[in-house]
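Enquirer: A structural model of the following input is requested.
(2 chains)
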Protein chains: 2
Amino acid sequence: MNNTADNYSPTLSNAGQAPSVTVSVQNSSNNTCSAEIAAERPLTIYINKQETVTLLTLGTHPELLALGYLWNQGLFDNLHNIRSVCVDWNKGSASIQTSEPLTDNNSVINHQAGPARVSTGANPVISRTEISTLLERISDCNQLYRRIGGVHGCAIFHGAKLVYFVEDIGRHNATDIVAGYMWLNGIYGGDKKFYATGRLTSEIVLKLSRMGIPTAISRSSITHLGLELAQELGITLIGRAKGRQFVVYNGSITIPDATKDGN
Amino acid sequence: MNNTADNYSPTLSNAGQAPSVTVSVQNSSNNTCSAEIAAERPLTIYINKQETVTLLTLGTHPELLALGYLWNQGLFDNLHNIRSVCVDWNKGSASIQTSEPLTDNNSVINHQAGPARVSTGANPVISRTEISTLLERISDCNQLYRRIGGVHGCAIFHGAKLVYFVEDIGRHNATDIVAGYMWLNGIYGGDKKFYATGRLTSEIVLKLSRMGIPTAISRSSITHLGLELAQELGITLIGRAKGRQFVVYNGSITIPDATKDGN
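Expert: Numbering: from 1, shown residues only, chains lettered A, B, ... in the order given. Coordinates of the predicted model:
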């Protein structure tokens, strides 16, 4: 994983859309009223005019979504390879222009880099206090979910500091947007924690391996394949994290004594 | 949509697996205990040895999942075209053998039949009583979700009668398994209601069009593209249905008077 330490940025469009649409509905008492629902926009990613994939997204961060998708799929490692990302909602397209023509080593079809182990030594140990603090900080973030439902939120934390939070209609998209933000801003994953409202399945754990993040906390549950991959890749996996409760599925936590509790 | 009225069935393996795995975890009080988590198994569908797609599933109904996926994708219409479905978990494969070699009209790659309108006239009208009865019946079904979380449930109802209910790790899989059950058993969709714990997004509404089901009820929310498709395809869409509350996003309901309330 090569995050850029320089200030290079591809040319990006700025085509973020509103996340919701207000529609007229009938409630269970037979009254007509208005309701806000999640937008769902097809976004087809083209790499040098070659169609690659269609994602269904809220559409608030289409450039970051496209970048993060490409990175998490292992299609690109170096941000300098991307000249521009241009989103056109009339065509439902995100057009990626690369700096150099693609070579065979950089084929966009069926290229899957094997997942890399994230922790070089033992898994990172997280304290109960850190988890509680993180859950407290996150509880104000998911405003969109509270207002309209039907979206998943993802975040990265550095210590107790929230670095980035985003919501999208799927767990995968939200994770890819976080990845796009990290890639674009040269953010190192090794000292971050990933938080998700959605489930930690195998696909999310594989994305975390690309993002180099060794600790993941979910409000929801995990799957067995997600757990097996986390064990193999050295990722601490915490699920059902809500309020002061959580379950550690992989790795370990410390319960500080009274002196340490202020950490 | 050609459901078979005869008793033809392809030869099917019987490779359903247990939906969960018990693992050892650490809880937030630092005690080690055991927890049941959802299985997640990759299942690659081959059609006459040609790789088509890999789905991630609980693995409880792999044959129905493969059948329903093929049907919902518009790859096949007639069950007689399928000679056998053979699932081998050692290879993570569901091998479909067709009765005849595939023709160009029946290509397995990128074949997408356009969605068909489900209701020929006005959308079906559902009564508030029917919705309440259905929600009451469904409330006992999602035993797996209650035990382990991390799964979505789907059902079809005929009047107040529950015809079929299934849970899988994704909304899409659960819907495809229901479709496989309908296709295999020649069940007509036009007089059924579809229930889902998960969101009614564009992809689920498109599947309902294939299944010919004109009424969908979700415990969760809907997306704007899901709503637009439902309007175009004549599908009544009810969301946020829980207890006695719900929201009608497309179509209409009747609130019966006291006399009619016993329907």
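
Enquirer: Name the SS class of the residue positioned nearest the centre of chain A, please.
Expert: Nearest to the mean C-alpha position of chain A, counting by CA atoms, centre = their mean, stands A:Thr175 at 1.5 Å. Three-state assignment for A:Thr175 (DSSP: H, G, I helix; E, B strand; the rest coil): helix.

Enquirer: what does the helix or strand hosting A:Leu64 contact?
Expert: Using DSSP states H and E, A:Leu64 maps to helix A:62-72. For helix A:62-72, contacts defined as CB atoms under 8 Å, 6 or more residues apart in numbering or on different chains pick out A:10, A:12-17, A:43, A:45, A:47, A:53, A:55, A:57, A:76-77, A:82, A:85, A:87, A:89, A:94, A:96, A:166, A:168, A:173, A:175-184, A:206-207, A:210-211. From N, CA and C alone the C-beta is placed, and that goes for glycine too.

Enquirer: buried subset of those residues?
Expert: For the contacts of helix A:62-72, a neighbour count by 16 or more other CB atoms under 10 Å in any protein chain shown gives the buried set as A:10, A:12-13, A:15, A:17, A:43, A:45, A:47, A:55, A:57, A:76, A:82, A:85, A:87, A:94, A:96, A:166, A:168, A:173, A:175-184, A:206-207, A:210-211.

Enquirer: where exactly do the strands run in the stretch 101-250 of chain A?
Expert: A:126-127, A:152-158, A:161-168, A:192-196, A:215-218, A:236-242, A:245-250 (DSSP state E, counting those that start in this stretch).

Enquirer: Wait, A:Arg240 touches A:Phe246, no?
Expert: Yes: the pair A:Arg240 / A:Phe246 is scored as a contact, 5.9 Å apart, by CB atoms under 8 Å.

Enquirer: who's more crowded, those two?
Expert: Neighbours per residue, other CB atoms under 10 Å in any protein chain shown: of A:Arg240 and A:Phe246, the larger number sits with A:Phe246, 24 against 21.

Enquirer: So which residues on the stretch 1-150 of chain A come close to chain B?
Expert: Contact residues, the stretch 1-150 of chain A versus chain B (CB under 8 Å from any CB of the partner chain): A:20-21, A:23, A:25-30, A:35, A:37-42, A:56, A:128, A:131, A:148-150.

Enquirer: So which of those residues are in helices?
Expert: Using DSSP state H, the members of these that fall in helices are A:128, A:131, A:148.

Enquirer: ok so, going back, between the strands of the stretch 101-250 of chain A, which one is nearest to B:Ala216?
Expert: B:Ala216 lies closest, by CB to CB, to one member of the strands of the stretch 101-250 of chain A: strand A:152-158, at 21.1 Å.

Enquirer: Tell me which residues of that closest one come out buried.
Expert: For strand A:152-158, burial by neighbour count (16+ other CB under 10 Å) applies to A:152-157.

Enquirer: neighbouring strands for that strand, and are they parallel or not?
Expert: strand A:161-168 (antiparallel), strand A:192-196 (antiparallel) (DSSP bridges).

Enquirer: so of those strands, which one's packed in deepest?
Expert: strand A:192-196 (a mean of 24; mean count of other CB atoms under 10 Å in any protein chain shown).

Enquirer: And for the closest residue to chain B within the stretch 51-200 of chain A, the neighbour number?
Expert: Of all residues in the stretch 51-200 of chain A, A:Gly150 sits closest to chain B, with a separation of 3.5 Å (CB to the nearest CB). For A:Gly150, the neighbour count with other CB under 10 Å is 25.

Enquirer: Equivalent analysis for A:Gly190, please.
Expert: 14.

Enquirer: which residue packs closest to it, ignoring adjacent ones?
Expert: Spatial nearest neighbour of A:Gly190, chain neighbours left out: A:Gly212 (5.5 Å); criterion: CB to CB, 6 or more residues apart in numbering or on different chains.

Enquirer: Does that neighbour touch A:Ile187 like I think?
Expert: No: counting by CB under 8 Å, A:Gly212 does not reach A:Ile187; the two are 9.7 Å apart.

Enquirer: if I look at A:Gly239, how far off is chain B?
Expert: Separation of A:Gly239 from chain B (CB to the nearest CB, to the nearest Å) stands at 8 Å.

Enquirer: Near that residue, how many other residues are there?
Expert: Per other CB under 10 Å, the neighbour tally for A:Gly239 reads 28.

Enquirer: Just to check, A:His152 is in contact with A:Ile169?
Expert: Yes: using CB under 8 Å, A:His152 is in contact with A:Ile169, at 7.4 Å.

Enquirer: any common contacting residues for those two?
Expert: In contact with both A:His152 and A:Ile169: no residue, using CB under 8 Å, 6+ apart.

Enquirer: circling back: what is the mean pLDDT for the following helix or strand past the helix holding A:Leu64?
Expert: Per DSSP H and E, helix A:62-72 leads on to strand A:82-88 as the next helix or strand towards the C-terminus. Average pLDDT, strand A:82-88: 98.

Enquirer: repeat for stretch A:216-225
Expert: 96.

Enquirer: Quote the end-to-end distance of that stretch.
Expert: 15 Å (CA to CA, to the nearest Å).

Enquirer: Could you see whether chain B lies near it?
Expert: Yes: using CB under 8 Å from any CB, stretch A:216-225 comes into contact with chain B via A:220-225.

Enquirer: okay, these in JSON lines with neighbour count next?
Expert: Output for these, formatted as JSON lines (neighbours: other CB atoms under 10 Å in any protein chain shown):
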{"residue": "A:Ser220", "neighbour count": "18"}
{"residue": "A:Ser221", "neighbour count": "24"}
{"residue": "A:Ile222", "neighbour count": "31"}
{"residue": "A:Thr223", "neighbour count": "29"}
{"residue": "A:His224", "neighbour count": "21"}
{"residue": "A:Leu225", "neighbour count": "22"}
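
Enquirer: now for the helix or strand containing A:Ala94, which elements pack on it?
Expert: A:Ala94 belongs to strand A:93-98 when assigned by DSSP H and E. On a contact count with 3 or more CB pairs under 8 Å, 6 or more residues apart in numbering or on different chains; DSSP states H and E, strand A:93-98 meets strand A:41-47, helix A:62-72, strand A:82-88.

Enquirer: ranking the ones you listed by burial, who's on top?
Expert: By mean neighbour count, with neighbours taken as mean count of other CB under 10 Å, helix A:62-72 ranks first of these at a mean of 27.

Enquirer: Alpha carbons only: can I get that helix in CSV?
Expert: Extracted in CSV, the C-alpha atoms of helix A:62-72 (Å, rounded to 0.1, in the frame of the first residue of the first chain):
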residue,chain,number,x,y,z
PRO,A,62,-18.9,9.9,-6.0
GLU,A,63,-15.3,10.9,-6.7
LEU,A,64,-14.1,9.4,-3.4
LEU,A,65,-16.3,6.3,-4.0
ALA,A,66,-14.7,5.7,-7.4
LEU,A,67,-11.2,6.2,-6.1
GLY,A,68,-11.7,4.0,-3.0
TYR,A,69,-13.3,1.3,-5.1
LEU,A,70,-10.3,1.2,-7.5
TRP,A,71,-7.9,1.1,-4.6
ASN,A,72,-9.7,-1.5,-2.5
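
Enquirer: Please report the number of neighbouring residues for the closest residue to A:Leu58 other than its chain neighbours.
Expert: Once flanking residues are discounted, A:Leu58 sits nearest to A:Pro19: 4.6 Å by CB to CB, 6+ apart. Burial of A:Pro19 is recorded as 20 neighbouring residues (other CB under 10 Å).

Enquirer: I figured A:Pro19 was touching A:Glu36, is that so?
Expert: No: if you go by CB under 8 Å, A:Pro19 and A:Glu36 don't touch, sitting 9.2 Å apart.

Enquirer: Tell me the residues that contact both of those two, please.
Expert: Common neighbours of A:Pro19 and A:Glu36 are listed as A:Ile148 (criterion: CB under 8 Å, 6+ apart).
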